[in-house]
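Trainee: have a look; sequence and predicted model below, questions after that.
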Amino acid sequence: MYRNQRPCETSGDSKKGERLSLSDIQITEVRVLDLRFPTSRAKIGSDAVNKDPDYSAAYVILETNSDLVGYGLTFTLGRGTELCVSAAQYLARYVRGRLLSSITDDLGAFSRQLTNDSQFRWLGPEKGVIHLAAAALINAVWDLYARVEAKPLWQLVADMTPEEIVRTIDFRYIDDAITSEWAIEHLKQKRTGFNERLEVLKQSGYPAYTTSAGWFGYSDDEIRQLCRDGLADGWTHFKLKVGGEPLHDKRRAALIRSEIGTSNKLMMDANQKWGVEEAVRRTRELAEFDPWWMEEPTSPDDILGHARIKREVSPVRIATGEHCQNRVFFKQLMQANAIDVCQIDSCRLAGVGENLAVMLMAARFEIPVCPHAGGVGLCEYVQHLSAIDYLCISGSMENRVTEFVDHLHEHFVDPVRIRNAHYVLPAVPGYSIEMYPQTLRDYNYPDGSVWKKLGASGG
Ligand SMILES: C[C@H](O)[C@@H](O)[C@@H](O)[C@H](O)C(=O)O
Ligand SMILES: [Mg+2]
């Protein structure tokens, strides 16, 4: 087992060089910020449904009685971020004032506490604004936990025993698909080959694909140029946004296919644009461009619709997940044989624990996990989840590739690094989601300098 050698030390009130433990850390304050980036102006992140996203986040800061601070965020598209902020501020009561150990001793119970406030849960349950808010807080707690243990998040989990991993998960509503006993047994079996897989990750990283060449609002010239740049940088998997006029989609698909050739992979993403029958028709029309998958062909809530589309467009594979509200939905998608590719979302699901639950179910149903990462901070998060999946859960990279978008990484203190179209394994303690103080000031909505200059027109 790989153990990090760097102990976490403090320079604050505690004695210099003293190692802090989880029971020394008290969360003294929770701050939640509304951060928005004006990405819509350049059509960054645009798709057939979300035409003008301003990549945004409800950003949580956990202050402690030490120098250590925990960070977490949930991803939004601009307007409405204030609702997530407000929900996170409400849920902060379950975190503020607590000893970190009182949370980390039973992270599954902590998740349940956040998602089961007896009045607040009426607003969900476990979906929408309140679930996004829970994700930001839960991820911030995991970030703090990893910092105290002086490990990058993936390693914090990889160093846990199977029993400890399983304890971070709330199995309520999914134990008809996987039980904690099954999960422990599975995790034990996957210990075989762990060190070899870790070596692979350290040497080559985790395979990634790029979405940044094919946003919906990009012109043909932009797409052409970005494909050429992408190929020069070593990318082999490209995603195109579809769901526009049929001829428009076909022209763009032909363009991107002619640029990347037949040996590279092309994925397509309709972002929920179509009804079920339209999705079948349109996917069949686009099949001539050999899509490696069709993503979000219809409403994210239509499990049986996905199952029918999957049956009728095979061998084109169906991917979904970025709008799957919780583990119960993923369970049903898998039980109904409705997806070929499982796209977990690091902060639509309620943080690390619920993502572990879905990755375990995906292993049980033998469905590859290819995390969603189109947004701000999602790449920073998912690199850890993919490493955990490979090291501890699926043990495989076959048919697995993690999304990468090349936007806004400059705002992160420990940004993702891509080498040869692979995520480089993160080495810095935490969940890689801390942003620079200057960014927090400039992009705060509506009072940050960037929005003052723009006239806060996104609100
Ligand atoms: C609005 C966003 O950029 C989405 O288009 C994006 O998350 C996308 O669906 C993706 O798969 O990356
Ligand atoms: Mg998508």
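Mentor: Received the coordinates, thanks. Ligands and ions are numbered 1, 2, ... in the order given.
Trainee: give the buried residues for stretch 244-252.
Mentor: Residues of stretch 244-252 classed as buried: 244, 249-250, 252 (neighbour count, 16 or more other CB atoms under 10 Å). For glycine as for every other residue, the C-beta is placed from the backbone atoms N, C-alpha and C.
Trainee: can you tell me what sits against it?
Mentor: 48, 214, 216, 220, 223, 240, 242-243, 282, 285-286, 289 (CB atoms under 8 Å, 6 or more residues apart in numbering).
Trainee: is it in proximity to ligand 1?
Mentor: No: interface with ligand 1: stretch 244-252 contributes nothing (CB under 6 Å from any ligand atom), its closest point being 13.2 Å away.
Trainee: so how far is that stretch from its chain's centroid?
Mentor: Using CA atoms, centre = their mean, to the nearest Å, the mean C-alpha position of stretch 244-252 is found 29 Å from that of the whole chain.
Trainee: and what of stretch 307-318?
Mentor: 25 Å.
Trainee: cool, stretch 93-103 as well?
Mentor: With CA atoms, centre = their mean, you get 24 Å for stretch 93-103.
Trainee: in it, which residues are buried?
Mentor: Under 16+ other CB under 10 Å, the buried positions of stretch 93-103 are 94-95, 98-100, 103.
Trainee: nearest residue to residue 55 other than its sequence neighbours?
Mentor: residue 376 (4.1 Å; CB to CB, 6 or more residues apart in numbering).
Trainee: how is the chain partitioned into domains?
Mentor: Using automatic domain parsing, the domain parsing of the chain gives 22-154+439-448, 181-433.
Trainee: start to end distance for the longest one?
Mentor: Pointing back at domain 181-433 there. In domain 181-433, first residue to last residue: 32 Å (CA to CA, to the nearest Å).
Trainee: rewinding a little: which of the contacts of stretch 244-252 has the most neighbours?
Mentor: Using other CB atoms under 10 Å as the neighbour criterion, residue 242 leads these with 31 neighbours.
Trainee: ok, which residues in the stretch 51-200 of the chain are in contact with ligand 1?
Mentor: Counting by CB under 6 Å from any ligand atom, the stretch 51-200 of the chain sits next to ligand 1 at 53, 77.
Trainee: could you rerun that using 8 Å?
Mentor: Residues of the stretch 51-200 of the chain found near ligand 1 (CB under 8 Å from any ligand atom) are 53, 55, 77.
Trainee: the last one reaches residue 58, doesn't it?
Mentor: No: counting by CB atoms under 8 Å, no contact exists between residue 77 and residue 58, whose distance comes to 11.9 Å.
Trainee: looking at these two, which is more packed in?
Mentor: residue 58 (30 against 18).
Trainee: the more buried one should be in a helix, yeah?
Mentor: No: applying DSSP: H, G, I helix; E, B strand; the rest coil, one finds residue 58 to be strand, outside a helix.
Trainee: circling back to that earlier point, turn the residues of the stretch 51-200 of the chain next to ligand 1 into CSV, columns for distance to residue 150, secondary structure and pLDDT.
Mentor: Shown next, in CSV, are those (distance: CB to CB, whole Å; DSSP: H, G, I helix; E, B strand; the rest coil; pLDDT from 0 to 100):
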residue, distance to residue 150, secondary structure, pLDDT
53, 36, coil, 98
55, 30, coil, 98
77, 35, coil, 98
